[in-house]
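Peer 1: Sharing a sequence plus its predicted fold:
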Amino acid sequence: MLVIYSLLLVSALAAIFILRKTDSSRLKAGLVYIHLILLFMPIALMSTNTACGLTCSSCHNNLPVLFMYSIPITAAAAAFFGFVGVPLFYTLSNRRIKTRWIKNFVRRYSASNIQLCLLNTAKPVAFSFKSLRSGIFLSVGMLEILTKDEIEAVLLHEISHIKRLSSVTKFSQKLLMFSPFYKFAGFNGSDKLEEEAADKFAISIQKTDKYLQSAKRKMDKFG
Ligand SMILES: [Zn+2]
């Protein structure tokens with residue numbers, strides 16, 4: 001068992017090492033899950049083995065069977081919380097945005113069916129999730145202080161995040177903090193790159209950075 005645990009740990013470290021070298025958001029997110037799965041697999045193995053021992057089942061100390069039980073449990077838990085659980089909690093706990101021009105605008109610039117949610121806070125905030133059904137969240141405070149052009153700039157920025165899978169990278173980055181090897185992953189630069197790419201997309205559609213900049217100034221001032 002000790003050999004297996006060491007092998008899992010070395011593989012987990014290898015995943016972190018590859019993660020450092022990669023630029024793709026998709027691959028990064030995938031590697032974070034692989035890393036965590038490898039890291040927590042020994043725990044799943046040990047607890048499954050204990051359970052098998054306690055119930056006097058034939059799976060006790062039977063490695064192939066133990067793996068068969070542990071892999072899907074660990075993988076399903078990581079995938080569920082990352083892609084379904086957290087986004088679902090947010091979309092279910094907030095009201096939908098019904099404003100027609102906002103709905104039409106998002107539909108025009110995004111192929112996927114994005115859910116628009118209203119955050120009931122006076123603070124001007126906006127964020128997005130990529131999930132089974134992606135969502136953009138805008139706060140009441142933000143809709144109150146921004147002009148139509150500025151709201152469109154923010155929407156384009158968030159649509160770009162969804163297209164680029166930024167939330168998956170960001171979430172897996174948070175998830176990775178549970179790992180003692182977090183600081184080796186070299187994630188620091190990726191946030192800035194994602195923001196720049198999202199800004200670029202908004203500017204390219206609007207043909208000016210005027211609205212994006214004024215939206216940011218207002219959100220900084222009131223946020
Ligand atoms: Zn952003």
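Peer 2: Cool, the structure landed. Residues are numbered from 1 along each chain as shown.

Peer 1: ok, for residue 113, nearest residue in space, not its chain neighbours?
Peer 2: In space, and not counting its chain neighbours, residue 113 is closest to residue 133: 6.6 Å by C-beta to C-beta, 6 or more residues apart in numbering. Yep, even glycine has a C-beta here, placed from its N, CA and C like the rest.

Peer 1: unless I'm mixing things up, the one you found is touching residue 116, no?
Peer 2: No: assessed by C-beta atoms under 8 Å, residue 133 is found out of contact with residue 116, at 11.2 Å.

Peer 1: Which of those two has more residues huddled nearby?
Peer 2: Higher neighbour count among residue 133 and residue 116: residue 116, with 22 against 13, using other C-beta atoms under 10 Å.

Peer 1: which element is that one on?
Peer 2: Counting by DSSP states H and E, the element that carries residue 116 is strand 115-119.

Peer 1: Which residues of the chain lie near the ion?
Peer 2: Within the chain, the positions adjacent to the ion are 195, 198 by C-beta under 5 Å from the ion.

Peer 1: Look through the chain and report the residue furthest from the middle.
Peer 2: Ranked by distance from the centre of the chain (C-alpha atoms, centre = their mean), the top residue is residue 56, with 40.6 Å.

Peer 1: pLDDT averaged over the longest helix seen in the chain - what is it?
Peer 2: Looking across the chain with DSSP state H, the single longest helix is helix 25-54. On average, the pLDDT along helix 25-54 is 81.

Peer 1: Packing partners of that helix?
Peer 2: Other elements packing on helix 25-54 under the criterion 3 or more C-beta pairs under 8 Å, 6 or more residues apart in numbering; DSSP states H and E are helix 2-21, helix 63-79, helix 166-176, helix 190-206.

Peer 1: What residues sit buried inside it?
Peer 2: Across helix 25-54, burial judged by 16 or more other C-beta atoms under 10 Å covers 25, 28-42, 44-45, 48-49, 52.

Peer 1: now the angle between helix 2-21 and that helix, please.
Peer 2: 170 degrees (axes from the mean of the first three to the mean of the last three C-alpha atoms, to 10 degrees).
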